[in-house]
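Novice: sharing a model prediction with you, sequence too.
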Amino acid sequence: MPCPANTPPRVCPIARSLEIVGERWTLLVVRDAFYGVVDSATFALTSGFPRPFSPNGFSLLIDEGVLVKAAGGRGRDEYVLTRRAVGSGQ
C-alpha cells in the first residue's frame, strides 16, 4: 500500500531523506564526500554545483548531521561525512 500523499515528511523516512539530499547538487556532494573530497573548491569542480549552493547547501548538510565542518589546511574549511551519513549509527 503506498504512502498517502498527505503524510507529513517528518513521518516518512524516505520523504525526510529527500528533503535533505533531494536537490541534485546535494546528492552529488554526498557522493563526492564518500569518495574523499573535502574542500568546497573540489566539490564545485567534481559536482558541478553552482556557487550559490556552497554556503546554504553545506549548512543544510551540517545541520542535518550528514557532514561536519573542520578547519583544513591552508585556512580552508573541510567537509567530512559523519558516521550517520555512511550508515554507521545515528
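Specialist: On my side now, so go ahead.

Novice: the chain: strands as residue ranges?
Specialist: 67-71, 77-81 (DSSP state E).

Novice: tell me the most buried of the ones you listed?
Specialist: Mean neighbour count (mean count of other CB atoms under 10 Å) peaks for strand 77-81 among these, with a mean of 17. C-beta coordinates here come from the backbone N, C-alpha and C atoms, glycine included.

Novice: output the strands of the chain in a markdown table, with mean pLDDT and distance to V37 appended to each entry.
Specialist: Shown next, in a markdown table, are these (pLDDT from 0 to 100; distance: least, CB to CB, whole Å):
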| stretch | mean pLDDT | distance to V37 |
| --- | --- | --- |
| strand 67-71 | 90 | 11 |
| strand 77-81 | 89 | 8 |
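
Novice: how about low-confidence regions in this structure?
Specialist: Applying pLDDT under 70 to the chain flags the ranges 1-5, 7-10, 50-56, 88-90.

Novice: on that earlier part again, can you say which of the strands of the chain is nearest to G48?
Specialist: Checking the strands of the chain against G48 by CB to CB gives strand 77-81 as the closest, at 16.5 Å.

Novice: which of the strands of the chain sits closest to L60?
Specialist: Of these, nearest to L60 by CB to CB is strand 67-71, at 9.3 Å.

Novice: which other helices and strands does the closest one contact?
Specialist: Strand 67-71 sits against helix 53-63, strand 77-81, with contacts defined as 3 or more CB pairs under 8 Å, 6 or more residues apart in numbering; DSSP states H and E.

Novice: would you mind giving the ones you listed as a markdown table with distance to G36 added?
Specialist: Shown next, in a markdown table, are the helices and strands packed on strand 67-71 (distance: least, CB to CB, whole Å):
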| stretch | distance to G36 |
| --- | --- |
| helix 53-63 | 16 |
| strand 77-81 | 9 |
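
Novice: on that earlier part again, which among the strands of the chain is found nearest to Y35?
Specialist: Checking the strands of the chain against Y35 by CB to CB gives strand 77-81 as the closest, at 10.0 Å.

Novice: from the middle of its chain, how far away would the closest one be?
Specialist: For strand 77-81, the distance from its own C-alpha centre to the chain's C-alpha centre is 10 Å (CA atoms, centre = their mean, to the nearest Å).
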